[in-house]
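Asker: Structure of the sequence below:
(chains A and B)
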Amino acid sequence: GAGVSQSPSNKVTEKGKDVELRCDPISGHTALYWYRQSLGQGLEFLIYFQGNSAPDKSGLPSDRFSAERTGGSVSTLTIQRTQQEDSAVYLCASSLGGLVFTDTQYFGPGTRLTVL
Amino acid sequence: GEDVEQSLFLSVREGDSSVINCTYTDSSSTYLYWYKQEPGAGLQLLTYIFSNMDMKQDQRLTVLLNKKDKHLSLRIADTQTGDSAIYFCAEIPSSNTGKLIFGQGTTLQVKP
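Answerer: Numbers count the residues shown, from 1 in each chain, chains lettered A, B, ... in the order given. Now for the predicted structure:
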């Protein structure tokens, strides 16, 4: 596609349920990033993929959070046993890759997660 | 450490200049960025500046970098109502694992 797409755009779930958020990066982009945007914490980095491997997953807040990427393309962020503090907008970005400082990250519109 | 700070809110009149300020702590940051977020939309890269530059101009946008004080600013000339958005400054820290460290964002309100 022309840009980064994410699905669903909105997700409402009950506390304790598992959720999966999907990101489709720009075709040909080897690097993929997940960030979280919440009122209290601002924009936080979660995890970075280069191809299918994740050299930096330092931002994942707990072991309830995991992410995978398959085929060097689509990525899924999974949150198990959701808590109310997980409510946030989850943003995905992709870039050409290569750890170059000018490697522009292009962001998707985000998934708004609400945990009741 | 890695920390980026911004003021939270700025209100200007249409046609005036807007100046959004940002401070950062990683003196080894090589590139600094400005992103714009409109309501309900993702982040859009506006511009970036390399740390060996003092200034970069791109149409109505001027970025000033004071590396000694670790201070970055974004000036928008002739601000329009369509410029109303949240503006984030960001850095890639010297560890360069690719992640962006964002400030809290400055909400720019442009009054007609």
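Asker: I figured residue B:94 was touching residue B:28, is that so?
Answerer: Yes - using Cβ atoms under 8 Å, residue B:94 is in contact with residue B:28, at 3.4 Å. Placement of C-beta: from N, CA and C, glycine included.
Asker: helix, strand or coil for the residue nearest the centre of chain A?
Answerer: For chain A, residue A:34 is the residue whose C-alpha lies nearest the centre (Cα atoms, centre = their mean; 3.1 Å). State at residue A:34, reduced to three classes by DSSP: H, G, I helix; E, B strand; the rest coil: strand.
Asker: And the pLDDT for the spatially closest residue to it that is not a sequence neighbour?
Answerer: Using Cβ to Cβ, 6 or more residues apart in numbering or on different chains and skipping residues adjacent in sequence, the residue nearest residue A:34 is residue A:46, 4.1 Å away. Note for residue A:46: predicted pLDDT of 95.
Asker: so what's residue A:46 up against?
Answerer: A:33, A:34, A:35, A:36, A:57, A:59, A:60, A:61, A:65, A:67, A:77, A:90 (Cβ atoms under 8 Å, 6 or more residues apart in numbering or on different chains).
Asker: do residue B:41 as well
Answerer: Neighbours of residue B:41 in contact, by Cβ under 8 Å, 6+ apart: residue A:109.
Asker: what do you get for residue A:74?
Answerer: A:22, A:23, A:24, A:25.
Asker: what do you get for residue A:42?
Answerer: With Cβ under 8 Å, 6+ apart, residue A:42 has these contacts: B:102, B:103, B:104, B:105.
Asker: if you set the cut-off to 6 Å instead, what comes out?
Answerer: residue B:104 (Cβ atoms under 6 Å, 6 or more residues apart in numbering or on different chains).
Asker: ok, now how distant is residue A:45 from residue B:30?
Answerer: 17 Å (Cβ to Cβ, to the nearest Å).
Asker: let me redo that: residue B:66
Answerer: Counting by Cβ to Cβ, the gap from residue B:66 to residue B:30 is 16 Å.
Asker: Residue A:47 now?
Answerer: 22 Å.
Asker: who's more crowded, those two?
Answerer: residue A:47 (23 against 15; other Cβ atoms under 10 Å in any protein chain shown).
Asker: so which strand or helix has that one?
Answerer: strand A:42-50 (DSSP states H and E).
Asker: Just checking: what are the partner strands of that strand?
Answerer: As defined by DSSP bridges, the strand partners of strand A:42-50 come to strand A:31-38 (antiparallel), strand A:53-56 (antiparallel).
Asker: What are the buried residues along the lowest-mean-pLDDT helix or strand in chain A?
Answerer: The least trusted helix or strand in chain A, going by mean pLDDT, DSSP states H and E, turns out to be strand A:53-56, with a mean of 89. Of all the residues in strand A:53-56, those buried under the rule 16 or more other Cβ atoms under 10 Å in any protein chain shown are A:54, A:56.
Asker: Restricting to C-alpha, output that strand in PDB.
Answerer: Output of strand A:53-56 as PDB, limited to C-alpha atoms (Å, rounded to 0.1, in the frame of the first residue of the first chain):
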ATOM      1  CA  SER A  53      14.300 -10.100  14.300                       C
ATOM      2  CA  ALA A  54      13.900  -7.700  17.100                       C
ATOM      3  CA  PRO A  55      17.300  -6.200  18.100                       C
ATOM      4  CA  ASP A  56      15.700  -3.800  20.600                       C
END
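Asker: what's in contact with it?
Answerer: Here strand A:53-56 has contacts from A:47, A:48, B:97, using Cβ under 6 Å, 6+ apart.
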